[in-house]
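# Based on what follows, work out the 3D shape:
(chains A and B)
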Number of protein chains: 2
Amino acid sequence: MTARAVGRRTLAALLAAALPITVTPAAAGAQNATRALAQKVETWTRANEPAVLREFAEFLAIPNIASDSATIRRNARWIVDAFAKRGVALRLLESPAGGPPAVYGELRSPGATRTVLLYAHYDGQPVNPAEWATPPFTPTLRTNSIQAGGQIVPLPEKPGVAGDEWRLFARGAGDDKAPIIATLAALDALKASGARPGINVRFYFDGEEEAGDPHLRALLERHRDLLTADVLLFADGPVHQTRRMQIVYGVRGTMGMELTTYGPLRALHSGHYGNWAPNPIVSLAHLIARMRDEDGRILIPDFLDDVRPVTDADRRAIGAAPSPDSGLRAELALGRTEGKDPLAEAIMRPAMNLRGIRSGGVGAAGSNTIQPEATASVDFRLVPDQTPARIREKVEAFLKAEGWHVVHDAPDAATRRAHPRVVRVDWRESGYAAVRSPLDLPAARAIVRTVGDAHGQPPIEVPILGGSLPIADFAEVLKTPVLVVPIANHDDAQHAPNEHLRLRNLRDGITTFAAILARLGAEWK
Amino acid sequence: MTARAVGRRTLAALLAAALPITVTPAAAGAQNATRALAQKVETWTRANEPAVLREFAEFLAIPNIASDSATIRRNARWIVDAFAKRGVALRLLESPAGGPPAVYGELRSPGATRTVLLYAHYDGQPVNPAEWATPPFTPTLRTNSIQAGGQIVPLPEKPGVAGDEWRLFARGAGDDKAPIIATLAALDALKASGARPGINVRFYFDGEEEAGDPHLRALLERHRDLLTADVLLFADGPVHQTRRMQIVYGVRGTMGMELTTYGPLRALHSGHYGNWAPNPIVSLAHLIARMRDEDGRILIPDFLDDVRPVTDADRRAIGAAPSPDSGLRAELALGRTEGKDPLAEAIMRPAMNLRGIRSGGVGAAGSNTIQPEATASVDFRLVPDQTPARIREKVEAFLKAEGWHVVHDAPDAATRRAHPRVVRVDWRESGYAAVRSPLDLPAARAIVRTVGDAHGQPPIEVPILGGSLPIADFAEVLKTPVLVVPIANHDDAQHAPNEHLRLRNLRDGITTFAAILARLGAEWK
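Down below sits the predicted model:
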């Protein structure tokens, strides 16, 4: 499914997202069976959580930065071994061009008529251990978040000790090893409960999602036949900020860019050359200020040309979900937000985020110099129907119109001498477009029923998630509709220091995957 | 002498700076004697340079960051020992409030009628060893600068091996251990040449100049009686970019500031919160752009109120010096300069330099987050008659007028919640004002003659140096007129990685200090 397929969505479907589900007698039977199964799973989880946490900690202790080939492969082999213990044979899919392997395999269920492709990724964002309270690959349990005063405690030896708000800290805890461990536990819980999977499942565990998935497309194209399915379930991202489960129909696209401006060839004493030699930090500040205002508006001309407008139907679906805004403002100590729109509407627009900026030193590392260069790192979030290629064109056209000489590699001295203003643009990540699925997709209705029945409360339905997932490649190569089924807590510090998973989210996640495995087939009629 | 004393300078004095010195018969005799002494010293230096470089390398191998109390005191004791070997007794002056000691002592010359207070500092700017080609405290000799392809060579065992363009790399090599080693060598050269000092010298070697000299004023006030002199010679800073000696009549003042802007209390996923949670890097970029333009103009209202204008006489003195501008533009690969003025005129205005900026990560360390805060580090350069106190007032008034809630410590969550825009202003270094001496000062005329006669070419006279030196405290406490006599090369990467001293500058520096010690008394009539 391409991004354009979302044009087929109907108002009725959008209303379905916002209104209670009509319950027929047959549906009531399915609902009761799903809830009964979920309760058995919850009982199993309570009794067996110490073992689940031990296995999770073992998995999290393996560093998972995609660029570290040796450790990333240890993660892949760990997954193969863990599924093998449950009788599920997985194997490594290698890309023709190298990079981390995907972990792939199939669970066939006798009599099943539906096939789900289940996606999660086992790699994590880069870490700066100095910024972590405890080392990122030393899984550490606390009785709450660090902000809330959570204390370090040992992994529990016995059931019934750990509270819902306890959190397990490590890179990848929330994003995105959580769904893998929840699936393993779900398989154990189903076996212990005498329940069987009612769908065929193809597993696809990605090893370089956080590195921008440079080899994904080649992998998908090479192994297209292995990956056919009725629906692709993307197990990534957070549940709603109110802690309710959510089903997401699309994601923003993303692309990365670095901008480097130049001063003198070598660092100069700021006294002897200050206000004569150009200061690259000042140039970069002016450039950023001209690209984006403080309310999040992107000022690059024509940047919004391709943006599919937010519709009244979108707003209605958003309006049906509880608003997390005032709680988040308090929790995050925000004295303002960018612009006046609520969060759920703001993230339906494209975003230009400054994720880092660096030149010279600050604090004790500050020295009185004019720096040779300054670099800002940007991530763009795209919405349907923007494409990375068109964004690159618009940004470079803007820079040229502003009088910048644009280069893509480090400029030599002659280039720096020849042009008053030189900027290096490094399109670090090729990026991917946004994707949206229609709200009336039959698979979506079945997932919403299954998850809602399992938890006794319908999930929140979100037209588009602010974050990005490499869904565009799947949608374009496999032509399979996609839904996102997240389990992590929204406040898990994903991508940041002190990433963690809240135990209640792990518990709910085990229930969610167990229900999908055992009950989705029956709910999908 | 206060900054205001510069008002006494006359046009005649300024012209004197720009015109050839009139040579009387008596002056011709002094000139010949000075030149003859200088030639003996040059011969001594050629023959003894391996030993000079060994001693210099020993001195440079002692780390000299002011905040490291143990190693900074090792430097001070090294200086005491080195002068003791020459029969000059120095001792440590301790500040009442702690901090690195000053090294002080006196060399009395029988029959001398003039007393010079000779200043240098033995501490250096902070280092980031990762940015250095060789470790900052492993003195390393190269056959040229790194940019010019200089190769690492061992310290020479024999005279006549090292070229003028060879450079000794280490933190402090140029700024400011060079004058200390040159003075030690000058004492040896004079002794070997049978010449005697013709002035009384009081030495004052500062141990925290690069840390902003927080204890200097208290030290000067406590030891005022030890420090009286006819002139204070500040041996710091670089010679002219054309490599000619220069005598400097003043320096810009300096003060440091850090600005920190705030986003969410914890780093947030940029997809889920991008263009809703405020981005502190964007706020900081807009703030910088509103404080300073790309041509070096400071946009803070009233910032220039107290600035004594550049006069025609100043411009005439500047015009008499060779212009380094086009050579520097080529050397530094500058495609433009900030504004249209030549360097020597640009540095007569105040400057706002962005010396560092930091938030999040760039390159491989970039992660898709909205950062909790962003910090920029600024150094201001002040000219007569600006004062740090008035600048602080103007900057804070500007920030408030722009809608910022100004705090001076890290704001708590309640403060961040209560104000849409919070900025922390950290006046890191108390700073000091600019100082200028009159161009017709008798001591200045004597120094200009002595240095000119020694080198066979009059030094360039510079009304004000772009850089800053803690002269204001000396001028205000001791009421002694001040001249700056620098010896380091301008391209010594002072304050930056790979700082070094060019050997020709070391050789010229030994000649300069030997001539001042032995001949200034005779030239100062």
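
# If we ignore the residues flanking it in sequence, what's nearest A:Leu219?
A:Ser95 (4.9 Å; CB to CB, 6 or more residues apart in numbering or on different chains). All C-beta atoms are positioned from the backbone trio N, CA, C, and that covers glycine.

# What count of nearby residues applies to that neighbour?
20 (other CB atoms under 10 Å in any protein chain shown).

# Return the residues in contact with it.
When contacts are counted by CB atoms under 8 Å, 6 or more residues apart in numbering or on different chains, A:Ser95 is found next to A:101-102, A:215, A:218-219, A:222.

# And the buried ones among these, selectable in PyMOL?
To isolate the buried ones among these in PyMOL, judged by 16 or more other CB atoms under 10 Å in any protein chain shown, type:
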select buried, chain A and resi 101+102+215+219
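
# Just the ones in helices from the contacts of A:Ser95, please.
With DSSP state H as the criterion, helices contain A:218-219, A:222 from among the contacts of A:Ser95.

# I'd like the mean pLDDT over stretch A:377-387, please.
In this model, stretch A:377-387 has an average pLDDT of 93.

# The helix or strand containing A:Ser326 vs chain B: in contact?
If you go by DSSP states H and E, A:Ser326 is part of helix A:325-331. Yes - contact of helix A:325-331 with chain B (CB under 8 Å from any CB of the partner chain) involves A:329-331.

# Name the SS class of the residue nearest to A:Leu219, please.
coil (DSSP: H, G, I helix; E, B strand; the rest coil).

# try A:Gln386
Under three-state DSSP, A:Gln386 comes out as coil.

# show me the contacts for it.
With CB under 8 Å, 6+ apart, A:Gln386 has these contacts: A:253, A:306-307, A:350, A:433-434.

# Chain B versus that one, what's the distance?
Going from A:Gln386 to chain B by CB to the nearest CB, to the nearest Å gives 14 Å.

# A:Ala285 now?
For A:Ala285 relative to chain B (CB to the nearest CB), the value is 4 Å.

# Just after the helix or strand harbouring that residue, pick out the following helix or strand.
Here A:Ala285, judged by DSSP H and E, is contained in helix A:280-291. Counting by DSSP H and E, the next helix or strand C-terminal to helix A:280-291 is helix A:312-320.

# name the helices or strands packed onto that following helix?
The helices and strands touching helix A:312-320, judged by 3 or more CB pairs under 8 Å, 6 or more residues apart in numbering or on different chains; DSSP states H and E, are helix A:11-18, helix A:343-346, strand A:460-462.

# rewinding a little: now the contacts of A:Ser95 as CSV including pLDDT?
Output for those, formatted as CSV (pLDDT from 0 to 100):
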residue, pLDDT
A:Pro101, 95
A:Ala102, 96
A:His215, 90
A:Ala218, 90
A:Leu219, 92
A:Arg222, 91
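
# Return the member of the contacts of A:Ser95 nearest to chain B.
For the contacts of A:Ser95, the minimum distance to chain B (CB to the nearest CB) is 17.4 Å, reached by A:His215.

# Centroid-wise, who is the farthest residue in chain A?
A:His272 (48.1 Å; CA atoms, centre = their mean).

# Give me the residues contacting whichever helix or strand it is part of.
Assigned by DSSP H and E, A:His272 belongs to helix A:270-273. Residues outside helix A:270-273 that contact it (CB under 8 Å, 6+ apart): A:264, A:368-370, B:237-238, B:251-252, B:254, B:343, B:347, B:351, B:353, B:355, B:379, B:381, B:465-468, B:490, B:495.

# Just those residues: which are in helices?
Using DSSP H to define helices, the subset of those located there is B:Leu343.

# Can you tell me which of the contacts of helix A:270-273 end up in strands?
A:369-370, B:251, B:254, B:351, B:353, B:355, B:379, B:381 (DSSP state E).

# residues from the stretch 151-300 of chain A in reach of chain B?
Going by CB under 8 Å from any CB, the residues of the stretch 151-300 of chain A near chain B are A:237-238, A:251-252, A:254, A:256, A:258, A:264-279, A:281-286, A:288-289, A:292-294, A:296.

# Show the buried residues in those residues.
Among these, the ones that count as buried by 16+ other CB under 10 Å are A:237-238, A:251-252, A:254, A:256, A:258, A:264-279, A:281-286, A:288-289, A:292, A:294, A:296.

# Next, count neighbours for the closest residue to A:Gly356 other than its chain neighbours.
Nearest residue to A:Gly356, sequence neighbours excluded (CB to CB, 6+ apart): B:Gly360, at 3.2 Å. Counted with other CB under 10 Å, residues neighbouring B:Gly360 total 29.

# picking up where we left off before, so the residue nearest to A:Leu219 versus A:Ala102, what's the distance?
Using CB to CB, to the nearest Å, A:Ser95 is found at 8 Å from A:Ala102.

# list the residues that contact both of those two?
Counting by CB under 8 Å, 6+ apart, the residues touching both A:Ser95 and A:Ala102 are A:Leu219.

# Of all residues in the stretch 401-525 of chain A, which one is closest to chain B?
For the stretch 401-525 of chain A, CB to the nearest CB, closest residue to chain B: A:Gly467, 3.1 Å.

# Identify the residues contacting whichever residue of the stretch 51-200 of chain A sits closest to chain B.
Of all residues in the stretch 51-200 of chain A, the one sitting closest to chain B is A:Gln125 (4.7 Å; CB to the nearest CB). Residues in contact with A:Gln125 (CB under 8 Å, 6+ apart) are A:171, A:175, A:210, A:494-495, A:499, B:367-368.

# Distance of it relative to B:Ala365?
10 Å.

# swap in A:His223?
From A:His223 to B:Ala365 the distance is 32 Å (CB to CB).

# which helix is the longest one in chain A?
helix A:25-60.

# Show me what that one packs onto, helices and strands only.
Counting by 3+ CB pairs under 8 Å, 6+ apart, the packing neighbours recorded for helix A:25-60 are helix A:69-85, strand A:167-169, helix A:178-193, helix A:442-455, helix A:503-523.

# Present those as CSV; the columns should include mean neighbour count.
Converted to CSV, the helices and strands packed on helix A:25-60 look like this (neighbours: other CB atoms under 10 Å in any protein chain shown):
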stretch, mean neighbour count
helix A:69-85, 17
strand A:167-169, 27
helix A:178-193, 24
helix A:442-455, 23
helix A:503-523, 25
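
# Mind putting those into TSV with mean pLDDT?
What follows is the helices and strands packed on helix A:25-60, written out as TSV (pLDDT from 0 to 100):
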stretch	mean pLDDT
helix A:69-85	97
strand A:167-169	98
helix A:178-193	98
helix A:442-455	95
helix A:503-523	97
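
# okay, now the domains of chain A?
A:3-252+A:434-523, A:253-304+A:349-431 (automatic domain parsing).

# Sketch out the low-pLDDT regions of chain A for me.
Low-confidence segments of chain A (pLDDT under 70): A:1-25.

# Which one (most neighbours) among the ones in strands among the contacts of helix A:270-273?
A:Ile370 (33 neighbours).

# Need the phi and psi values for the residue lying closest to that residue once chain neighbours are set aside.
Nearest residue to A:Ile370 in three dimensions, chain neighbours excluded: A:Leu268, at 4.5 Å (CB to CB, 6+ apart). The phi and psi torsions at A:Leu268 (degrees, to the nearest 10) take the values phi -120, psi 150.

# Does A:Leu268 touch A:Thr369 like I think?
Yes - between A:Leu268 and A:Thr369 a contact is recorded at 6.1 Å, counting by CB atoms under 8 Å.

# Now list whatever residues contact both of those two.
Between them, A:Leu268 and A:Thr369 share the contacting residues B:Ala496, judged by CB under 8 Å, 6+ apart.

# How about the most centrally placed residue in chain A: what's its closest non-neighbour residue?
Nearest to the mean C-alpha position of chain A, counting by CA atoms, centre = their mean, stands A:Gly237 at 4.3 Å. Computed as CB to CB, 6+ apart, the closest residue to A:Gly237 that is not its neighbour in sequence is A:Pro486, at 4.0 Å.
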